[in-house]
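Peer 1: Here is my input, please return the structure:
(chains A, B and C)
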Amino acid sequence: MKFNNRNVHLGSNVHIGKNVRIGDNTTIYDNVIVGDNSIIANDCVIGEPQHAYYSQEDYTNPETVIGADSFIRSHAIIYAGCTFGKGLNTGHRITVREGAVFGTNCLISTLVDIQGNATFGNYCRLYSNVHICEFSKLGNHVFVYPYTIFTNDSRPPSNNYVGPTVGDYTIIAVHSVLLPGVNIGSNCLIGANSVVSRDVPGFSFAVGSPAKVTRDIREIGSKEKEGSQYPWMYNFERGMPWQGVGFDAWSKQQINSNAS
Amino acid sequence: MKFNNRNVHLGSNVHIGKNVRIGDNTTIYDNVIVGDNSIIANDCVIGEPQHAYYSQEDYTNPETVIGADSFIRSHAIIYAGCTFGKGLNTGHRITVREGAVFGTNCLISTLVDIQGNATFGNYCRLYSNVHICEFSKLGNHVFVYPYTIFTNDSRPPSNNYVGPTVGDYTIIAVHSVLLPGVNIGSNCLIGANSVVSRDVPGFSFAVGSPAKVTRDIREIGSKEKEGSQYPWMYNFERGMPWQGVGFDAWSKQQINSNAS
Amino acid sequence: MKFNNRNVHLGSNVHIGKNVRIGDNTTIYDNVIVGDNSIIANDCVIGEPQHAYYSQEDYTNPETVIGADSFIRSHAIIYAGCTFGKGLNTGHRITVREGAVFGTNCLISTLVDIQGNATFGNYCRLYSNVHICEFSKLGNHVFVYPYTIFTNDSRPPSNNYVGPTVGDYTIIAVHSVLLPGVNIGSNCLIGANSVVSRDVPGFSFAVGSPAKVTRDIREIGSKEKEGSQYPWMYNFERGMPWQGVGFDAWSKQQINSNAS
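Peer 2: Numbers count the residues shown, from 1 in each chain, chains lettered A, B, ... in the order given. Predicted structure coming up:
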């Protein structure tokens, strides 16, 4: 049904890996690298020229890298100058501006809007309609739930941008706002509809507007078994690298492989 | 201006009713049924193949049904395996994942994002940018205002999804969040920017984060006449089945026709 | 890379100014005027026919005006019957319904959703995913940050729509809601995640749900220098008409030119 090679346009110096499928009406601009076994579905724009393209005659499109084994659903707009590790998975109609750097195995869901110049670790999941501002830094395994906004200007409008930082394994529930420059530690849970205005130490559950730390995450019970739900890595493994082996065993492997 | 039959692609076993118009650049995939007198505008994707399409060689696209007299505005993405009763009306750029089942005469406005596997009664209205999670159940005549989010995971990330349930004639104002598994009764009004964390009994006005019941809806005055505004069906009829006859007369007809 | 004149379709009575570039897959419908030196990027729809087009055989598309020196990024949908002053600048995937009237040099960012029949002064900036309802009135130099919603129905659903009004130089931070009919004065700052339910006098900082005035904006310190940050026009000039001359000097010029 798809992949009829209708209206597919590739720019110059586009490197397409082995076993890649490109959907109808998709345009890939100059200097894009697509890793092996990837699928780029219909109506996508990969390597969208940056603003300078419109005014500079000698403009060269910066390199864009889509890792191997990626799956980009339809109507994505990904700017030139972005890098995605292997195993990228997207929803529909994502927009990613220039200078976004993603680790491996990230999820970017439908309607996510990334302003560029931000960094993401491995296995991050950005759910529907999340908005990430410039200069944000997300660690590994950070999950951001729908309609959450990262902000970087504490005296709008100003020229003083400081993005939020979020530590590994932290979960941010729906409809929250991270104010400029906040530093959320690792293994935190931010409750729905929160406004995070101050730093949050690791292993905290914070909620409210402004968000206040009300508990240690290890005090939050599971709905599926006895005991606590957090750290969540002991209770959730679908799509995570510890699937089938358990979080502790995987963590030891990581430490050993880093040490060798 | 439209309907020039440019770049229109129909899959196999597509049943197009009488007097249907299909806009330019629209793709309809296999096994879609479009009812009589419907309009599907430009750049739409109807019957989008589900994820299994990309990996299973023997994939068959599930049936998708668009009821008669529907009007789908441009850039819709509707997955295979959805069913819409007659009189569907949409804004632009809606996304509806597989397994969504809508009654008749529903409105799905611009940028609405429906995650699939959810059920909707008749005459529901989802306004701009509403996000409906899997396993949500909406009754008849439920109005959901912009940027409201339905959620289903109370210990994110977990494998334990329970969607919200909303009763007939209930109104949910802008920028609200329904937490997993909440049950909102019939004839309720949820105020703007609320987080609904507990069940709400019928005929309640609830507001806040967390939302608290502050009044009976029948105590809320109208701005257009003396007396109360709610239940709203006595004060609003545009596009509703009781238009011209009044809510009580229509209700009696319904009871009689159900009894016969 | 762009502007290959592929699948570009122009309706009748379309007036394209000098030195205009139109991207691939863009459709411009009847009776659109595009000012000199403008760029309309790929996959845009300009002059989208109004609803009556689908039912009235003698439908004529109302005039749409895009001012000179405009830059419209890809996938815009702009309805017939809108007017934009010179220097319009947009993100991707904006949707503007009929009857929106913009002054000069406005910014409409990615995913902004404007319901039409609203007026905007000069140099307004609507950031990502802002939603503007019908009958809204924004003055000059109004900045609205991501995911903020303007609303117009205080007894939903009703037939009594009254939009918000926002004065010159007012800044509305992310994720806020303006309730129907509120009147926010000039030189205000509304904090993140606020719900504005009552009128806000000029020079106020208001925040919360419901928003309360907590300070005079002139009491809010700058992060970049000693003294106050607001009124912001003394501390921010990028893209503003006082760039290089200063706000006071520019204001005097304005007064003089209005008087002559």
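Peer 1: which parts of the stretch 101-250 of chain A sit against chain B?
Peer 2: The stretch 101-250 of chain A has residues A:110-111, A:125, A:128-129, A:143, A:145-147, A:171, A:173-175, A:189, A:192-193, A:208-209, A:220, A:222-224, A:229, A:232, A:235-236, A:238 near chain B, with proximity defined as C-beta under 8 Å from any C-beta of the partner chain. The C-beta positions use only the backbone N, C-alpha and C, and glycine is treated the same way.
Peer 1: Following element in sequence after the helix or strand hosting residue A:205, please.
Peer 2: In the assignment (DSSP states H and E), residue A:205 maps to strand A:204-208. Using DSSP H and E, the next helix or strand after strand A:204-208 towards the C-terminus is strand A:211-216.
Peer 1: With only the CA atoms kept, save that following strand in PDB.
Peer 2: Output in PDB follows, covering the C-alpha atoms of strand A:211-216 (Å, rounded to 0.1, in the frame of the first residue of the first chain):
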ATOM      1  CA  ALA A 211       5.600  21.900  42.700                       C
ATOM      2  CA  LYS A 212       6.500  20.800  46.100                       C
ATOM      3  CA  VAL A 213       8.300  17.600  47.200                       C
ATOM      4  CA  THR A 214       5.700  15.600  49.100                       C
ATOM      5  CA  ARG A 215       7.300  12.200  49.300                       C
ATOM      6  CA  ASP A 216      10.200   9.900  48.400                       C
END
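Peer 1: any idea how far the helix or strand just after that strand is from the chain center?
Peer 2: Counting by DSSP H and E, the next helix or strand C-terminal to strand A:211-216 is helix A:247-259. Its chain's C-alpha centre and that of helix A:247-259 lie 23 Å apart, by C-alpha atoms, centre = their mean, to the nearest Å.
Peer 1: name the helices or strands packed onto helix A:247-259?
Peer 2: Of the remaining helices and strands, none touches helix A:247-259 by 3 or more C-beta pairs under 8 Å, 6 or more residues apart in numbering or on different chains; DSSP states H and E.
Peer 1: And the contacts of it?
Peer 2: Helix A:247-259 is contacted from outside by A:231, A:233-234, A:237, A:241-242, A:245, using C-beta atoms under 8 Å, 6 or more residues apart in numbering or on different chains.
Peer 1: Narrow these to those that are buried.
Peer 2: Using 16 or more other C-beta atoms under 10 Å in any protein chain shown as the burial test, these include A:231, A:233, A:237, A:241-242 as buried.
Peer 1: Dump those into CSV; add distance to chain C and pLDDT as well.
Peer 2: Output for those, formatted as CSV (distance: C-beta to the nearest C-beta, whole Å; pLDDT from 0 to 100):
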residue, distance to chain C, pLDDT
A:231, 28, 97
A:233, 30, 97
A:237, 32, 96
A:241, 32, 97
A:242, 34, 97
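Peer 1: Would you mind naming what in the stretch 1-150 of chain A lies close to chain C?
Peer 2: Going by C-beta under 8 Å from any C-beta, the residues of the stretch 1-150 of chain A near chain C are A:7, A:9, A:11, A:25, A:27, A:29-30, A:45, A:48-49, A:53-54, A:61, A:75, A:77, A:93, A:95, A:111, A:113, A:115, A:129, A:131, A:147, A:149.
Peer 1: give me the low-pLDDT residue ranges for chain A?
Peer 2: A:260 (pLDDT under 70).
Peer 1: mind giving me the domain split of it?
Peer 2: For chain A, automatic domain parsing gives the domain ranges A:9-228, A:229-260.
Peer 1: Tally up the residues packed near the closest residue to residue A:148 other than its chain neighbours, please.
Peer 2: With sequence-adjacent residues excluded and distances taken as C-beta to C-beta, 6 or more residues apart in numbering or on different chains, residue A:148 is closest to residue A:176, at 4.6 Å. Neighbourhood size, residue A:176 [other C-beta atoms under 10 Å in any protein chain shown]: 28.
Peer 1: Equivalent analysis for residue A:219, please.
Peer 2: Counted by other C-beta under 10 Å, the residues lying close to residue A:219 total 12.
Peer 1: go on, residue A:48?
Peer 2: Using other C-beta under 10 Å, residue A:48 is surrounded by 30 other residues.
Peer 1: unless I'm mixing things up, it is touching residue A:82, no?
Peer 2: No. In this structure, residue A:48 is not within contact of residue A:82 by C-beta atoms under 8 Å, at 9.3 Å.
Peer 1: if we can go back for a sec, and the strand holding residue A:205, which strands flank it?
Peer 2: Looking at strand A:204-208 with DSSP bridges, its partner strands are strand A:189-190 (parallel), strand A:211-216 (antiparallel).
Peer 1: Let me have those in TSV, adding mean neighbour count as columns.
Peer 2: Converted to TSV, the strands paired with strand A:204-208 look like this (neighbours: other C-beta atoms under 10 Å in any protein chain shown):
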stretch	mean neighbour count
strand A:189-190	27
strand A:211-216	16
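Peer 1: so can I have JSON lines of those strands showing distance to residue B:203?
Peer 2: What follows is the strands paired with strand A:204-208, written out as JSON lines (distance: least, C-beta to C-beta, whole Å):
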{"stretch": "strand A:189-190", "distance to residue B:203": "34"}
{"stretch": "strand A:211-216", "distance to residue B:203": "32"}
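Peer 1: All good on my end, thank you.
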